[in-house]
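Asks: any chance you could fold what I've pasted below:
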Amino acid sequence: MTTLSPFLARHLTEGVILARIARAEGSTPREAGATMAVSATAIAGTIGGGQLEFHCVDIARAMLASGEEQRRIEIPLGPQMGQCCGGRVVVALHRADVVDLAMLAAREKAEAASRPAVLIFGAGHTGRALALALAPLPFATSLIDDRDSVSDGLPPAITCIRMADPVEAVEHAPAGAAFVILSHSHALDYRLAEAAVQRGDASYIGMIGSATKRARFEAGFLRSGGRREALSLLTCPIGGADVDDKRPEVIAALTAAELVRSLLGGKEPAASAAHATGRGETIRS
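Replies: All right, here's what the predicted structure looks like:
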C-alpha cells in the first residue's frame, strides 16, 4: 500500500499540500478520508483519479506557488467536471507541516498493526506469485516454508519465515487469520488444513488442489474425529472452479480476490464442496 509519511518526509522542506476527501455524498470514486500528497514535482496517494484528482493537483500546486495555506472546495462529479459518478465531494487542502508528518506516521503505524494476517504455506511458484499479488494490499502477509531461500526475490512487505514444522505457525497465528495452503507435500497440506480448520476462528482457509484432494482430506478429517460442519470453513481448490487456468499467476490473482472478499468485505468467507489526517475437477497443485 502507498504510505504518505515517507513521501512527506522527503518533500516537506520544498512544500507539500495534503488534499483530503472531507465529505463524500452519492457515487464517488473514493471515500471520505482518502488523502493525496502533492509537491511541486510529485504525487503520492490518490483521491480517486480522473478529472477530480487532476483538478485538485492543479489547485494544490497553485497553493504552493502562491503561499496559500488552506482551501476547502465542493465539487459535483457531473458533466462540469467531466466525470459521470453523479456524487459530490468536499476536498480540504492544506499545507503540510511536521505535525502532519508525525500524525500520518502514527496513523500508518496503527493501520499496519491492525492489518489482517495472511499466512501462505509453501514458497513454490504459486506461493511466491500469491505473495507478490498480496504485497501491495492491506494485509500482514507471511510466507512460510520448511526449505531454504524462502525470501529470495520477494518485497520487504512480505515476512518470510523458514520453519522446520510449519504447522506451528497455524497454532500461533492470531485470531481471524487467513491460511493459504500450497506446500510441496500433500501430507503437509492435510496437516496444515486440519490444524487451521480445528482452530475454528479463521477468516479464510484455502488449500490448493482439486475436488478429489478435498474429498480425501474430508475423509481423513472425519475418521480422526473432526466435525463435519467444520469442513464448511475450507475452500478447496483455491481460486474457484470457473477459470480453468493453472498458471501460478492466475491462481494467485483469483485467490487474492477471495482473500479481499473474506478479509475486507465484511462478510463470512464463502466455501463450497465443489471449489469449495483529520486535520469440476480442476487440479491445482
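
Asks: when you work out contacts or count neighbours from here on, use the C-alpha atoms and nothing else.
Replies: Will do.

Asks: can you tell me the element residue 105 falls in?
Replies: In the assignment (DSSP states H and E), residue 105 maps to helix 98-113.

Asks: in terms of secondary structure, what does that helix contact?
Replies: In terms of contacts (3 or more Cα pairs under 8 Å, 6 or more residues apart in numbering; DSSP states H and E), helix 98-113 is packed against helix 4-11.

Asks: how about the helix it packs on: buried residues?
Replies: 4-5, 7-8, 11 (16 or more other Cα atoms under 10 Å).

Asks: quick one: which of those is nearest to residue 262?
Replies: Ranking the buried residues of helix 4-11 by separation from residue 262, with Cα to Cα as the measure, puts residue 4 on top at 26.6 Å.

Asks: avg pLDDT for stretch 129-146?
Replies: For stretch 129-146, the per-residue pLDDT values average out at 95.

Asks: likewise for stretch 213-232?
Replies: Stretch 213-232 shows an average pLDDT of 93 in the prediction.

Asks: buried stuff in it?
Replies: With the criterion 16+ other Cα under 10 Å, stretch 213-232 contains buried residues 213-214, 217-218, 221, 226, 231-232.

Asks: the stretch 51-200 of the chain: strands as residue ranges?
Replies: Ranges of strands in the stretch 51-200 of the chain, per DSSP state E, counting those that start in this stretch, are 70-76, 88-95, 117-121, 140-145, 159-162, 178-181.

Asks: with distance to residue 33 and mean neighbour count added, can I get those strands in CSV?
Replies: Output for the strands of the stretch 51-200 of the chain, formatted as CSV (distance: least, Cα to Cα, whole Å; neighbours: other Cα atoms under 10 Å):
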stretch, distance to residue 33, mean neighbour count
strand 70-76, 14, 15
strand 88-95, 10, 22
strand 117-121, 24, 24
strand 140-145, 22, 23
strand 159-162, 29, 19
strand 178-181, 27, 26
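
Asks: and these: which comes nearest residue 105?
Replies: Among the strands of the stretch 51-200 of the chain, the nearest to residue 105 by Cα to Cα is strand 88-95 (16.6 Å).

Asks: what angle sits between that closest one and strand 70-76?
Replies: Calculated by axes from the mean of the first three to the mean of the last three Cα atoms, to 10 degrees, strand 88-95 forms an angle of 160 degrees with strand 70-76.

Asks: how far does strand 88-95 sit from its chain's centre?
Replies: The offset between the C-alpha centroid of strand 88-95 and the centroid of the whole chain comes to 26 Å, using Cα atoms, centre = their mean, to the nearest Å.

Asks: tell me the strands beside it, with direction?
Replies: For strand 88-95, the pairing partners within the sheet under DSSP bridges are strand 17-25 (antiparallel), strand 70-76 (antiparallel).

Asks: and of those, who's closest to residue 60?
Replies: Among those, strand 17-25 comes nearest to residue 60, with 5.8 Å by Cα to Cα.

Asks: kindly export that closest one (C-alpha atoms) in PDB.
Replies: Presented in PDB, the C-alpha positions along strand 17-25 are these (Å, rounded to 0.1, in the frame of the first residue of the first chain):
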ATOM      1  CA  ILE A  17      -0.200  20.100   0.100                       C
ATOM      2  CA  LEU A  18      -2.400  17.400   1.600                       C
ATOM      3  CA  ALA A  19      -5.700  17.000  -0.200                       C
ATOM      4  CA  ARG A  20      -8.300  15.000   1.700                       C
ATOM      5  CA  ILE A  21     -11.800  14.000   0.900                       C
ATOM      6  CA  ALA A  22     -13.600  15.700   3.800                       C
ATOM      7  CA  ARG A  23     -17.100  14.600   2.700                       C
ATOM      8  CA  ALA A  24     -18.400  12.200   0.100                       C
ATOM      9  CA  GLU A  25     -22.100  12.100  -1.000                       C
END
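
Asks: can you pull the contacts of residue 49?
Replies: Taking Cα atoms under 8 Å, 6 or more residues apart in numbering as the criterion, residue 49 is in contact with residue 29.
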